[in-house]
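below is the sequence, then the predicted model.
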Amino acid sequence: MARVLHTGDTHIGFRQYGLEERRDDFAKAFLQVVQLALDEGVSAVIHAGDLFEDRTPGAEDLLATLQGLFTLKDAGIRFLGVVGNHEQRRGVQWLDFFEELGLAVHLRPDKPFDLEGIPVYGLDFSGRREITPPSYADGVLVCHQLLDAVALDGELAVEKLISCGARIVLLGDYHEYREWRERARNQEILITYCGSTERWALDEVAERGVNIIDLRSGRLDRRRLKTRPFFYVRADEDPIQRLENSDIHNAVVVVYLASSRWTIAEIEKLGYERGALAVRVRDLRESPAHEGEPSIEIEFGDVEHAVTEALSRKNLSPLAREIDHIIRDLKIADSNVDPEVTALLERAWRAKA
């Protein structure tokens, strides 16, 4: 019985809100997925992209990842994956590195991996322009893209996935669990997002989890992950009363503020006094100024992450993405950026000549 654990968007290395505790949370969530794979006795873990938060994970992030991958290998569980937009590098990918170590399989669109007689294909993140998946006779397709069913500007149409020939499509990039079942070619087609393993953004309210899927029958079961609590205060609630009467110790507190009765400063002060790990206030008030408070909420985060996410929404060509990688590669000295870009353009020109 070919049972797999479908996960993705683990974003290992994300120092959310600039906190090391949150960075540790993302690593722990990945290791929890590994332990769940052992407990479930699956044949493989299939990762649908964004293993790392960015393309330059730190030593701590690599250590946690290797710990998980070696644990899976020792248990005889394969780790199959595709590359997401956050970790995508110029040239050799991290999945290629892990594959060389015998710890992972980098799934390809034209060369299936045989998993107990079932062909498994993979499509790395291919940009935000409209995408047409390859055609297949059967099997499983893994990819990291946004569907038009979850985003108005989604680059991959559900109808194209239904008609591509794969019987099961395992997706990453969208951080919430979704499942579609359609009929085509006299069989049922399963298309599903597993969701992220930790809350990567404040509006990711639902519990985090993974999919356990029987690739032969198509049965899907959800498994919940134990993650750091997020405590939400709605705009129509009294934030002071909620915080005073609730256990928010070590939680991330998210307050939607629509009234001028309270200031952001007093809400944050109370939250931290009550033991919250972080307090985030979303100011929904219409007036541009409230008792001397700034009207713009400033969040301190990872600039690299913000730039990567913004560029991933652009319709950049592969060449443009390569140039971006050169410019932001910390291993390339500023004085060498121009020569590197020039050499890349010359190679591209010769390839077209």
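Happy to help now that I have it.

hey, let's count contacts and neighbours off CA atoms from now on
Will do.

then stretch 156-174 to PDB, C-alphas only?
Below are the C-alpha coordinates for stretch 156-174, written out as PDB (Å, rounded to 0.1, in the frame of the first residue of the first chain):
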ATOM      1  CA  LEU A 156      -2.100  27.500 -12.900                       C
ATOM      2  CA  ALA A 157      -5.600  26.600 -13.900                       C
ATOM      3  CA  VAL A 158      -7.400  23.700 -12.200                       C
ATOM      4  CA  GLU A 159      -8.900  22.600 -15.500                       C
ATOM      5  CA  LYS A 160      -5.400  22.200 -16.900                       C
ATOM      6  CA  LEU A 161      -4.400  20.000 -14.000                       C
ATOM      7  CA  ILE A 162      -7.500  17.900 -14.400                       C
ATOM      8  CA  SER A 163      -6.700  17.300 -18.100                       C
ATOM      9  CA  CYS A 164      -2.900  16.800 -17.700                       C
ATOM     10  CA  GLY A 165      -3.200  13.100 -17.100                       C
ATOM     11  CA  ALA A 166      -2.000  12.800 -13.500                       C
ATOM     12  CA  ARG A 167      -4.400  11.100 -11.200                       C
ATOM     13  CA  ILE A 168      -3.200  12.800  -8.100                       C
ATOM     14  CA  VAL A 169      -1.800  16.400  -7.900                       C
ATOM     15  CA  LEU A 170       0.100  17.400  -4.700                       C
ATOM     16  CA  LEU A 171       0.500  21.200  -4.400                       C
ATOM     17  CA  GLY A 172       2.500  23.700  -2.400                       C
ATOM     18  CA  ASP A 173       2.700  27.500  -2.300                       C
ATOM     19  CA  TYR A 174      -0.800  28.200  -0.900                       C
END
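
list the buried residues for it?
Residues of stretch 156-174 classed as buried under the neighbour-count rule (16 or more other Cα atoms under 10 Å) are 156-158, 161-174.

in strands only, show me those.
Under the assignment DSSP state E, the buried residues of stretch 156-174 contribute I168, V169, L170, L171, G172 to strands.

how about the helices in the stretch 51-200 of the chain?
Per DSSP state H, counting those that start in this stretch, the stretch 51-200 of the chain carries helices over the ranges 59-74, 94-100, 158-163.

cool, and the stretch 201-350 of the chain?
Shown for the stretch 201-350 of the chain, the helices assigned by DSSP H, counting those that start in this stretch span residues 239-244, 264-273, 303-312, 318-328, 334-352.

mean pLDDT lowest for which of those?
The weakest mean pLDDT among the helices of the stretch 201-350 of the chain belongs to helix 303-312, with a mean of 60.

helices and strands of the chain: which one bottoms out on pLDDT?
Least confident helix or strand of the chain, by mean pLDDT, DSSP states H and E, is helix 303-312 with a mean of 60.

state which helix of the chain is the longest.
helix 20-40 (DSSP state H).

using PDB, list the CA coordinates for it.
Taking Å, rounded to 0.1, in the frame of the first residue of the first chain, the C-alpha atoms of helix 20-40 are listed here in PDB:
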ATOM      1  CA  GLU A  20      14.700  33.300  17.300                       C
ATOM      2  CA  GLU A  21      11.900  31.500  19.000                       C
ATOM      3  CA  ARG A  22       9.800  31.600  15.800                       C
ATOM      4  CA  ARG A  23      12.800  30.400  13.800                       C
ATOM      5  CA  ASP A  24      13.000  27.500  16.200                       C
ATOM      6  CA  ASP A  25       9.300  26.900  15.800                       C
ATOM      7  CA  PHE A  26       9.600  26.400  12.100                       C
ATOM      8  CA  ALA A  27      12.400  23.900  12.500                       C
ATOM      9  CA  LYS A  28      10.500  22.000  15.200                       C
ATOM     10  CA  ALA A  29       7.400  21.800  12.900                       C
ATOM     11  CA  PHE A  30       9.500  20.100  10.200                       C
ATOM     12  CA  LEU A  31      10.900  17.600  12.700                       C
ATOM     13  CA  GLN A  32       7.400  17.000  13.900                       C
ATOM     14  CA  VAL A  33       6.400  16.100  10.300                       C
ATOM     15  CA  VAL A  34       9.300  13.600  10.200                       C
ATOM     16  CA  GLN A  35       8.200  12.000  13.400                       C
ATOM     17  CA  LEU A  36       4.600  11.800  12.100                       C
ATOM     18  CA  ALA A  37       5.900  10.000   9.000                       C
ATOM     19  CA  LEU A  38       7.600   7.400  11.200                       C
ATOM     20  CA  ASP A  39       4.500   7.000  13.300                       C
ATOM     21  CA  GLU A  40       2.300   6.600  10.300                       C
END
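
no further queries at this time; thank you.
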